[in-house]
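Enquirer: Let me see the structure of the following:
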Amino acid sequence: MECNTIGERIAHLRKVKGISQGDLAKAMYVKREVVTHWEVGDRDLKTEYTIKLADYFGVTCDYLLRGIPSENVDVAKATGLNNKSIENIKMLARLSTECNHPNLGIALNNFIGSVHFVYFLSQYMNYRNKTGQLAYRLEAFKEWLIQHEAKPPRDLLKYAAEVKLENPTSPAADVMRCDAELKFALFCLHNSIDSYVEDIREELLENGINP
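Expert: Numbering: from 1, shown residues only. Modelled structure (predicted):
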């Protein structure tokens with residue numbers, strides 16, 4: 001079951017555990033209505049309850065907040081990919097190692113030589129390029145703060161959003177523009193991976209392989 005929101009994940013974990021909203025409320029020492037608000041999504045989940053829920057259900061906070069299972073957390077942090085994209089790539093890796101069908105090599109070679117694969121690679125390279133640009137802009141913003149005798153905070157990106165509002169001509173504006181471009185590049189990369197997987201499934205089916 002794919003759960004797209006924090007509330008959906010809490011509800012799913014609760015149902016898998018076989019408990020009611022009232023049971024979960026007692027375990028969290030809150031009113032049942034609070035659990036309802038969490039699951040519906042009309043109330044923010046505070047940090048303390050995120051940790052308590054993660055411990056209670058035996059999952060990570062990353063899973064609750066972002067839907068990323070513990071085995072995919074390191075990959076998500078290193079690449080920026082979401083869980084769906086990571087699972088799609090793992091599925092392709094399993095196919096390449098586990099499937100002994102004689103037409104698998106033909107299907108993969110046909111797809112790798114197609115325009116769809118080139119588009120996927122271009123989106124990945126664009127994402128990596130934007131990641132590098134943001135890192136460079138953040139470093140420039142940090143130096144600008146030091147020059148203005150301001151101590152750079154730990155979360156430069158969040159601080160840049162505040163500085164931009166006060167000083168639109170500062171390097172903070174470049175940081176926020178790069179951040180927006182990076183988010184869009186990541187969105188395009190996720191879509192290209194989804195398309196990549198769907199197209200390669202069709203290629204495999206045409207070659208008599210059921211993925």
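Enquirer: CA only for contacts and neighbour counts going forward, please
Expert: OK.
Enquirer: where's residue 158 relative to residue 83, distance?
Expert: Per C-alpha to C-alpha, to the nearest Å, residue 158 is found 24 Å from residue 83.
Enquirer: Among those two, which residue is more densely surrounded?
Expert: Comparing residue 158 with residue 83 by other C-alpha atoms under 10 Å, the one with more neighbours is residue 83, at 19 against 12.
Enquirer: wait, isn't that one in contact with residue 72?
Expert: Yes: applying C-alpha atoms under 8 Å as the test, residue 83 and residue 72 come out as touching, 7.1 Å apart.
Enquirer: mind listing what the most centrally placed residue in the chain touches?
Expert: Residue closest to the average C-alpha location in the chain (C-alpha atoms, centre = their mean): residue 82, at 2.8 Å. Contacts for residue 82 were tallied using C-alpha atoms under 8 Å, 6 or more residues apart in numbering; they are 68, 76, 190.
Enquirer: what pLDDT does it get?
Expert: Among the per-residue scores, residue 82 shows a pLDDT of 70.
Enquirer: what's the answer for residue 31, then?
Expert: We have a pLDDT of 93 for residue 31.
Enquirer: what's the spacing between it and residue 82?
Expert: 33 Å.
Enquirer: Over to residue 152?
Expert: Per C-alpha to C-alpha, residue 152 is found 29 Å from residue 82.
Enquirer: After the lowest-mean-pLDDT helix or strand in the chain, which helix or strand is next?
Expert: Comparing helices and strands within the chain by mean pLDDT, DSSP states H and E singles out helix 104-112 as the least confident, with a mean of 58. Per DSSP states H and E, the first helix or strand lying C-terminal to helix 104-112 is helix 115-147.
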